[in-house]
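Engineer: coords please:
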Amino acid sequence: MGFYVSTLRNIPSGKFNHYIYVVDCSGDSIHTSWINENFNRVSQGLGNRAGIIHGPSDLSLEVLNFLNNQLEDDFFEIEHLLHSATCLIITDNVLAQSQNDVFIIPLTSDRSEDDQIHEYMNHIIDTIIEAISSGKFRKYLNTNAAVKFKIRGKGKILINSINSILELKPNIAGIGININVLIEKIFKL
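Structural biologist: Numbering: from 1, shown residues only. Sure thing, here's the model as predicted:
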């Protein structure tokens, strides 16, 4: 099933085994027209087993900002990948509620001709549809060129939000401790 949405808040949660986000932060968005032309074919191929999410460039930037704020791992490598290629981000639920590993699959290769790149993109998409249909998608993700990372759990997100709002700096006679820094170090926010 396919969704064209303007914001992450518009994506229904818990409806699919896999959520596939099309993210294009590459600046020139040269593959956006190909994605738009093939979106219906891909969403029909996935059926009700997975949801593919696509939207305007603002949606890709919202996904990028979300990952920047919520990744447990170093964001630099992932940011570089997202800025250099059109990618699929695959989760087990909407991004904010994903509990398992999150995967990124670049849809472009080092081929220079658009026709070759689009043929490569077709191959990747068709392989993903086949893997989902046959129930071997997790195996496909773990054995192919997907970048794997984790999103912070809801507890860490809540602590991070509270920690950024409340200033906790108790002191006695001018000598004190910055509890906010302590919380950051304990939870590595």
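Engineer: can you list the weak-confidence ranges in this structure?
Structural biologist: Within the chain, the segments meeting pLDDT under 70 span 26-31, 72-74, 109-115, 144-145, 152-166, 168, 182-183, 185-189.
Engineer: where is the longest helix in it?
Structural biologist: Ranked by residue count and defined by DSSP state H, the top helix of the chain is helix 114-133.
Engineer: which elements pack onto that helix?
Structural biologist: Judged by 3 or more C-beta pairs under 8 Å, 6 or more residues apart in numbering; DSSP states H and E, helix 114-133 is in contact with helix 32-46, helix 137-143. (C-beta placed from N, C-alpha, C; glycine too.)
Engineer: give me the contacts around the first one.
Structural biologist: By that I understand helix 32-46. With contacts defined as C-beta atoms under 8 Å, 6 or more residues apart in numbering, helix 32-46 is touched by 1-2, 4, 20, 22, 24, 52, 54, 86, 118, 121-122, 125-126, 129, 132-133.
Engineer: still on that earlier bit, identify whichever of the helices and strands packed on helix 114-133 lies nearest to Val63.
Structural biologist: Distances from Val63 to each of the helices and strands packed on helix 114-133 were compared using C-beta to C-beta; the minimum, 14.4 Å, belongs to helix 32-46.
Engineer: chain center to the helix or strand just after the closest one, what's the gap?
Structural biologist: With elements assigned by DSSP states H and E, the helix or strand that comes after helix 32-46 is strand 50-54. Strand 50-54 has its average C-alpha position 12 Å from the chain's average C-alpha position, going by C-alpha atoms, centre = their mean, to the nearest Å.
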